[in-house]
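> Turn this into a model:
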Amino acid sequence: MIPLRDVIPSRTTPYITITIIALNGLAWLFELSLPHEVLSNFLTIYGVVPAYFSAPTLVTSMFLHGSWSHVLGNMWYLWIFGDNVEDRVGHGRFIVFYLLCGILAALGQMAVDPTSTLPTIGASGAIAGVMGAYFVLYPRSRVLTLIPWIFIQIVEMPTVVLLGFWFVMQLFSAGAIAVTANSGGGGGGGVAFAAHIAGFLVGMAGVLVFRNRALDPWEDARNY
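I've put the predicted structure just below:
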């Protein structure tokens, strides 16, 4: 399922969301400019490598990506859900909230694979936190969603269904990887599902602290 847009207009311009997208775009263009050997070293230095942990990489890693689909998919999800969360918590607090979600998501991934020598990169942990916040703040919202099954359909899907399904799939995928690793099948590179799970849960809990409570009555009165 691919979200296309939500139904909630922003009250303010999402300056921070736009800036984060721009920074990720610039970082990706810089990655493209590097020769393959240099890029590999670059990602190892600035990505989170659990076996050789360096604290600054908890931040630098969330602005790096591994492919066009990786960066475009992440930025698309951030654009759809980030503006409303930024709207609700405020621009300044959204910066802290976003970075906190990304940092704790990376630590969550490290916790399940602490000896990995592969760099973990990407904004998906932080964006999962934004999605978790959206799930809590706007449970009655609806998201126009593309469903590419046998027949392509575009439906307006409730937030709790779309994001709830996404979260369950992360749990299922993380469990499948754990079973494969325990059976001797290896648990090497791929998608950092543990980071997605940790980020989503941090976002759900964290937004209860970060949200602007003065807006609660006004938001509750809106018809989504």
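
> For beta bridges, what are the partners of Val143?
For Val143, the beta-bridge partners under DSSP bridges are Asp6, Met157.

> Against Thr57, how distant is it?
33 Å (Cβ to Cβ, to the nearest Å). For the C-beta atoms, the positions are set from N, CA and C on the backbone; glycine is no exception.

> Report the distance from stretch 48-57 to the chain centre.
Centre-to-centre, stretch 48-57 and its host chain are 19 Å apart (Cα atoms, centre = their mean, to the nearest Å).

> the helices in the chain, which residues?
15-33, 36-46, 57-60, 68-89, 91-112, 124-137, 159-182, 193-210, 216-220 (DSSP state H).

> which residues sit in contact with the most centrally placed residue in the chain?
The centre of the chain sits closest to Ile127, judged by Cα atoms, centre = their mean, with a distance of 2.2 Å. By Cβ atoms under 8 Å, 6 or more residues apart in numbering, the residues touching Ile127 are 74, 77-78, 81-82, 199.

> 10 Å - rerun?
20, 62, 73-82, 98, 101-102, 105, 196, 199-200, 203 (Cβ atoms under 10 Å, 6 or more residues apart in numbering).

> ok, of the residues you listed, which come out buried?
20, 62, 73-75, 77-82, 98, 101-102, 105, 196, 199-200, 203 (16 or more other Cβ atoms under 10 Å).

> Quick one: closest of the helices of the chain to Gln153.
Closest approach to Gln153 among these (Cβ to Cβ): helix 159-182, 13.6 Å.

> other SSEs contacting that closest one?
Helix 159-182 sits against strand 2-6, helix 68-89, helix 91-112, helix 124-137, strand 142-148, strand 152-158, helix 193-210, with contacts defined as 3 or more Cβ pairs under 10 Å, 6 or more residues apart in numbering; DSSP states H and E.

> where's that helix relative to the chain centroid, distance-wise?
14 Å.

> next one: stretch 130-138
That offset, for stretch 130-138, works out to 12 Å (Cα atoms, centre = their mean).

> do the same with stretch 20-39
Taking the mean of its C-alpha atoms, stretch 20-39 sits 19 Å from the chain's own mean (Cα atoms, centre = their mean).
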